[in-house]
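Enquirer: let's see this in three dimensions:
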Amino acid sequence: MLEFRLTQISDTHLGRHFPGLIANFQAISEHIDASRPDLVVNTGDVSFDGPTSRDDVAFAKSLHDALPVGCRYLPGNHDIGDNPTAIGPAPTPPVEEAHRQRFCDIIGEDHWSFEAAGWRFIGLNSLVMNSGLAFEAEQFDWLASEIARTNGRPVALFVHKPMFLNLPDDPELPETSIRYVPQPARARLIEMFGNVDLRLIASGHVHQRRDFTFHHTRHIWAPSAGFVINDKRQDRIAIKETGLVEYCFQPDSLEVRHVRAAGQIDIDIEELLAQMGAH
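Expert: I've put the predicted structure just below:
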């Protein structure tokens, strides 16, 4: 039987000055070496601070290059900057084409599509949405052509930011507006996927592990591979732990396993902030 095994990691936040994050990534690397999926997808925040540190991006890529299986990547806000929202303060730093291009030059494609086990897999750069950058329109045009080629196959969508909290028309709030795909891009995306068999939306960004189904689409929030954000700094929606997600796709089915690699620890963001202050 056709089978495609994919491991999703997210929010690795790799940089040379953060040994704990490197150690967590090494634990994940050993897990991947033992499990040998067909593909690894990193759904963003690959590097600790890509917009200000080219070295963070290059270092993150070097660690991924040592994995024993192929990888695909999506950029996060810590890789290329954040997207503007309809409400709330302007993000810091904002997404820029120069940062997106650096990501593509060093890491690889920031959007992609392929077929495996009877599924169509699509990865989108969610940080350019609502940005007004030329690439935002280019990606929507590309997505329309990819959706037209699904030919009834089930679709798995990978993005950095979750689509929404609970409902597609959840109101945007100033304190959480940067957490989800912003409006009006969100509504456009949902409409574009409305006529296809969208079975899965896999994301990261929030550093919380969540798994829920809305209509016939399963929403998976991968936890950070690197660190957790304490309740004083971030409201608790789901499970706060480090880890990864494993998928097994077959022509008309999907299995999901929520996993922690042996040796992964729950580093708190306060520890990282202290290290940043020391450098």
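
Enquirer: residue contacts, R210?
Expert: H219, I220, W221, I237, A238, I239 (CB atoms under 8 Å, 6 or more residues apart in numbering). C-betas here are computed from N, CA, C, even on glycine.

Enquirer: just say helix, strand or coil for it.
Expert: Using DSSP: H, G, I helix; E, B strand; the rest coil, the secondary structure recorded for R210 is strand.

Enquirer: ok, what's across the strand from it?
Expert: Assessed by DSSP bridges, R210 has beta-bridge partners W221.

Enquirer: read off the pLDDT value for it.
Expert: Predicted confidence (pLDDT) at R210: the value is 98.

Enquirer: one more: the one 5 residues further on?
Expert: Confidence per residue is given as pLDDT, and for H215 that number is 93.

Enquirer: ok, P89 next?
Expert: pLDDT, P89: 79.

Enquirer: find the nearest non-adjacent residue to it, please.
Expert: Using CB to CB, 6 or more residues apart in numbering and skipping the chain neighbours, the partner closest in space to P89 is P174 (7.6 Å).

Enquirer: quick check, that neighbour in a helix?
Expert: No. Checked against three-state DSSP, P174 lies outside a helix; its state is coil.

Enquirer: OK, contacts around it?
Expert: If a contact means CB under 8 Å, 6+ apart, then P174 has I87, G88, P89 as its contacts.

Enquirer: do a quick rundown of the helices in the stretch 101-250 of the chain.
Expert: For the stretch 101-250 of the chain, the helices defined by DSSP state H, counting those that start in this stretch cover 134-147, 185-192.

Enquirer: thought F121 was touching A156?
Expert: Yes. Judged on CB atoms under 8 Å, F121 makes contact with A156 at a distance of 5.0 Å.

Enquirer: on that earlier part again, need the helices of the stretch 101-250 of the chain in TSV (columns: mean pLDDT, mean neighbour count and distance to N24).
Expert: As requested, the helices of the stretch 101-250 of the chain are exported to TSV (pLDDT from 0 to 100; neighbours: other CB atoms under 10 Å; distance: least, CB to CB, whole Å):
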stretch	mean pLDDT	mean neighbour count	distance to N24
helix 134-147	97	14	31
helix 185-192	95	16	31
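
Enquirer: tell me, how many neighbours does S62 end up with?
Expert: Residues lying near S62 (other CB atoms under 10 Å) number 11.

Enquirer: so it: helix, strand or coil?
Expert: On the basis of three-state DSSP, S62 is classed as helix.

Enquirer: kind regards, and thank you for your time.
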